[in-house]
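Engineer: I need the structure of the sequence given here:
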Amino acid sequence: MTEELNPAELPFLFREELRLCRVTEGTQIVLVTDLNTRLDYIQAAFAAADDLGARIFEVKISKPFHPVMIASQGGGDTLASLPGAIQAINSADLVLVFHTALGSPWLQEARRRGVRFLLILDGPDELKRLMSPPGLKEALIYARDLTRNTREMHVTSDAGTDFRVRLGELDTLCQYGYADEPGVVDTWGGAHFSTWPDPDGSEGIVVLKPGDAWILPYVRYFEGEVRLTVEKGYIRDVAGSGSDARLMRQFFKAHQKSPDDLRPYAIAHLGWGLNPNSYLDQIALHGAATTKIISHTRAWPGVFLFSTGPNDQGGGTNTTPAHLDLPMFDCSVAYDGKLVIDRGEVVDPRMIVQPADELRIAA
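Structural biologist: Numbering: from 1, shown residues only. Purely as a prediction, here's the structure:
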């Protein structure tokens, strides 16, 4: 896997990202790493912190973290048995984490103390391309707050999607690419918001068409149509004759703890990205290379991200590890009857961020 970024640029990129995170003289930074964490990232973080006058040290864990699985959903948590490491984290102003620590009890406890967290999961080229542009934070906070005040989301498409979601019981969260406020958890390159529907509040038909994507746990484009029937918050039927439908049925069934366990079939977070600098063809170019696609594919403006499984990140009780993330192109979305996305294009002007350039593909 090739990388275009000059390695000498990394400390400057980290310096700019730490500046966005409001790192100044005296800020205490802790790095949470394992033996697989990129050494050049660690070195760049130290160089950038030193240049800004911050205090920085590293907590390195011998057992590797799961690269993409959320801790509370099966990714494991090797820090839970290390009170000294947790004490160090609680002493920090900012923690840089190089794995998906979401759902970890130690992270939630530190957040309550005001510690802010930045997850760094992407490759160098992606960190540079997706660094938060001007206006992105404001657009995402607006989208988050608008969603929190919405009671019905209606998603449609020419492919046949007609899906209504009741909102209000669970939370809506956003990431804008840096951690600048006490208790914030964000991802460098993050540029999306997620809302969780009321547990029994989703109804209708969701049609995944060829060209839509799987991005978790598989990374591929849909080759055939898959039609999902949703009733009272759960997928009740997966219709389709191709490999995608078969794979989805197998995935759900394999994660059931018993024949009547519906948790894998639950509707999870819904939303879309807003970073105009995200490339649309990362899967076509790089396939399942996680560090190339993990943030790009969640940052696509106006591409509706449909997901299934857990809702604990939004305040719910479903912690099944059966989690699918499925970006859907060309959908329209209305909030309480008002159109905000029209066939995949953001039409609410307060959600539109100006791109660094007009190039939307990397090829």
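Engineer: got the contact list for stretch 343-361?
Structural biologist: With contacts defined as CB atoms under 8 Å, 6 or more residues apart in numbering, stretch 343-361 is touched by 133-136, 139, 142-143, 146, 157-158, 272, 274-277, 279-281, 301-304, 329-332, 339-341. For glycine as for every other residue, the C-beta is placed from the backbone atoms N, C-alpha and C.
Engineer: Out of those residues, which sit inside helices?
Structural biologist: Of these, the ones assigned to helices by DSSP state H are L136, A139, Y142, A143, L146.
Engineer: List the residues that contact the nearest residue to G123 once chain neighbours are set aside.
Structural biologist: Spatial nearest neighbour of G123, excluding adjacent residues (CB to CB, 6 or more residues apart in numbering): T291 at 3.9 Å. With contact set as CB under 8 Å, 6+ apart, T291 has these partners: M1, L121, D122, G123, E126.
Engineer: how near is the last one to A299?
Structural biologist: Distance, E126 to A299, by CB to CB, to the nearest Å: 10 Å.
Engineer: May I have the secondary structure class of D51?
Structural biologist: When classified by DSSP: H, G, I helix; E, B strand; the rest coil, D51 comes out as helix.
Engineer: ok, it - contacts?
Structural biologist: Shown in contact with D51 (CB under 8 Å, 6+ apart): P11, R15.
Engineer: And it, what's its pLDDT?
Structural biologist: pLDDT recorded at D51 is 98.
Engineer: residues near the closest residue to I235 other than its chain neighbours, how many?
Structural biologist: Excluding its sequence neighbours, the residue lying closest to I235 (CB to CB, 6+ apart) is Y265, at 4.3 Å. By the measure other CB atoms under 10 Å, the count of residues near Y265 is 22.
Engineer: Hmm, Y265 is touching Y234, no?
Structural biologist: Yes: using CB atoms under 8 Å, Y265 makes contact with Y234 at a distance of 4.6 Å.
Engineer: residues making contact with the helix or strand hosting H154?
Structural biologist: In this assignment (DSSP states H and E), H154 forms part of strand 152-156. Strand 152-156 has contacts (CB under 8 Å, 6+ apart) with 147, 161-167, 195, 197, 204, 206, 270, 304, 331-337.
Engineer: Cross these against helices and list the overlap.
Structural biologist: Among the contacts of strand 152-156, DSSP H puts T147 in helices.
Engineer: Return the mean pLDDT over the helix or strand encompassing L118, rounded to an integer.
Structural biologist: In this structure, L118 is located in strand 116-119 according to DSSP H and E. Computed over strand 116-119, the mean pLDDT rounds to 97.
Engineer: what's the answer for stretch 338-354, then?
Structural biologist: What stretch 338-354 shows for mean pLDDT is 98.
Engineer: what ranges of the stretch 51-200 of the chain fall below the confidence cut-off?
Structural biologist: 66-77 (pLDDT under 70).
Engineer: From one end of stretch 122-134 to the other, what's the distance?
Structural biologist: 20 Å (CA to CA, to the nearest Å).
Engineer: Show me which positions of that stretch end up buried.
Structural biologist: For stretch 122-134, the neighbour count (16 or more other CB atoms under 10 Å) marks D122, G123, P124, D125, E126, L127, K128, R129, L130, M131, S132, P133 as buried.
Engineer: sec struct for the first one, please.
Structural biologist: Using three-state DSSP as the criterion, the local structure at D122 reads coil.
Engineer: what's near enough to touch it?
Structural biologist: Applying CB under 8 Å, 6+ apart, we find D122 in contact with L130, W188, G189, T291, K292, I294, S295.
Engineer: surely the first one meets Y178?
Structural biologist: It refers to L130. No: using CB under 8 Å, L130 is not in contact with Y178; the gap is 11.2 Å.
Engineer: shared neighbours of those two, anything?
Structural biologist: Common contacts of L130 and Y178 (CB under 8 Å, 6+ apart): W188.
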